[in-house]
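predicted model and sequence below, questions to follow.
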Amino acid sequence: MPESPEVEAFARWLKPQVLRRRIASVDVPKPRLVRPLRPAAFAGALQGCRIVGLRRCGKCLLWDLEHPGGRPDLLVSHLGMTGVWQVLAKGQPLPRHAAVVLGLGGRTVVMEDPRQFGHLRLGSDSMPRLGPDPLAPEFTAEELSVVLSGCRRPVKVCLMDPARLAGVGNLYASEALFLAGIDPSTPADAVAPEAVVRLHRALRDVLATAVERNLRALWSDRPMLYQQGGASGSPEQGGLWVYDRAGHSCHRCGAPIERLVQAGRSTYRCPRCQAR
DNA sequence: AACGCCGCCTGATCGC
DNA sequence: TGCGATCAGGCGGCGT
């Protein structure tokens, strides 16, 4: 479940390894995940392009490309639930669930996605419309207040709606609400102003910390935060506050963490630290 | 416009 | 021990 901190880390980690390189070859072992749907068309459009930029937008990784003639293009990739980007060492075999393989001349970059919920789309019209990005430096508590005030659904569901807020998924929505001491089932437009300020700060803290942690994980070839599950230690020890910790005791107060289902997704909360 | 719900997919886990 | 059933989950599409 890569969310914005994971995608941001992938972008920063990959950028120095792919920038200014030319795409010499394209292989599409999982054509279902790409647009244009026909692998030959997809590969043909990518082949020969130079990678001139790599950035994140919400949970998407954006590849700025330049065709041999100089025409710009955009490759939008989304990692879905289980997608990862890898740089293969020379002679290293393809991962089992490789979806797209880019040969960059002496360096091979692969998107792997076992559950195949991710996708790669070519063209600048491939970007979904997104709300403000809480990782952006200019994101303010006032902006968050506007996002919440226009929504009557539970605040957790609101935070996860990409049209309202970009890049926040299930894990960091639960973690931020814990840090802010807010019950996830509070209607978004009923969150008190001082709680909105706490939530703004919690979102920024939890996301920024996760970017740094994920970057260290990538450079040292260790699993990322979301790949460890909730059973490990407290956040100080590299674990999580509430996500995936149903039945375990709260790291802060000891009360058993609860699991509830909102809009069909698991939410985790501490009944004492996040009382109504 | 806002919201709920289904289906896509496969590894992990559970019950028998 | 082994096998089938169930579950998780982002998000696009569709129905209300």
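Yes, it's here.

tell me how chain A divides into domains.
The record's domain parsing of chain A by automatic domain parsing lists A:4-126, A:141-269.

A:Ile182: how many residues sit nearby?
Using other Cβ atoms under 10 Å, A:Ile182 has 24 neighbouring residues. From N, CA and C alone the C-beta is placed, and that goes for glycine too.

for A:Val261, same thing?
Around A:Val261 there are 8 residues (other Cβ under 10 Å).

related to what we said a few turns ago, looking at the domains of chain A, spot the one closest to A:Ala275.
domain A:141-269 (6.7 Å; Cβ to Cβ).

average pLDDT across the closest one?
Across domain A:141-269, the average pLDDT comes to 90.

got the residues of the stretch 101-250 of chain A near DNA strand B?
A:114-117, A:150-153, A:157 (Cβ under 7 Å from any atom of the strand).

could the residues you listed go into a markdown table alongside secondary structure and neighbour count?
Converted to a markdown table, these look like this (DSSP: H, G, I helix; E, B strand; the rest coil; neighbours: other Cβ atoms under 10 Å):
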| residue | secondary structure | neighbour count |
| --- | --- | --- |
| A:Pro114 | coil | 15 |
| A:Arg115 | coil | 10 |
| A:Gln116 | coil | 15 |
| A:Phe117 | coil | 14 |
| A:Gly150 | coil | 11 |
| A:Cys151 | coil | 18 |
| A:Arg152 | coil | 10 |
| A:Arg153 | coil | 17 |
| A:Val157 | helix | 20 |
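
follow-up on the earlier one: can I get the domains of chain A in TSV with distance to DNA strand C?
Listed next are the domains of chain A as TSV, based on distance: least, Cβ to the nearest atom of the strand, whole Å:
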stretch	distance to DNA strand C
domain A:4-126	4
domain A:141-269	3
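
to A:Pro132, which of those lies closest?
From the domains of chain A, taking Cβ to Cβ, the stretch that ends up closest is domain A:141-269, at 5.1 Å.

helices along the stretch 51-200 of chain A, start to end?
Assigned by DSSP state H, counting those that start in this stretch, the helices in the stretch 51-200 of chain A fall at A:141-149, A:155-159, A:170-180, A:193-219.

same list (those helices) but as TSV, adding distance to A:Val87.
Formatted as TSV, the helices of the stretch 51-200 of chain A follow (distance: least, Cβ to Cβ, whole Å):
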stretch	distance to A:Val87
helix A:141-149	36
helix A:155-159	32
helix A:170-180	25
helix A:193-219	10
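
wait, which of these is closest to A:Ile257?
Set against A:Ile257 and scored by Cβ to Cβ, those come closest in helix A:170-180, at 9.1 Å.

for that closest one, name the packing helices and strands.
helix A:155-159, helix A:193-219, strand A:265-269 (3 or more Cβ pairs under 8 Å, 6 or more residues apart in numbering; DSSP states H and E).

which one of these lies nearest to A:Gly247?
Nearest to A:Gly247, of the helices and strands packed on helix A:170-180 and by Cβ to Cβ, is strand A:265-269 at 10.2 Å.

show me what that closest one is packed up against.
Here strand A:265-269 touches helix A:170-180, strand A:258-262, going by 3+ Cβ pairs under 8 Å, 6+ apart.

any buried residues in the last one, and which?
The neighbour-count criterion (16 or more other Cβ atoms under 10 Å) identifies A:258, A:262 as the buried residues of strand A:258-262.

please apply the same query to stretch A:175-192.
Applying 16+ other Cβ under 10 Å to stretch A:175-192 flags A:175-186, A:188, A:191 as buried.
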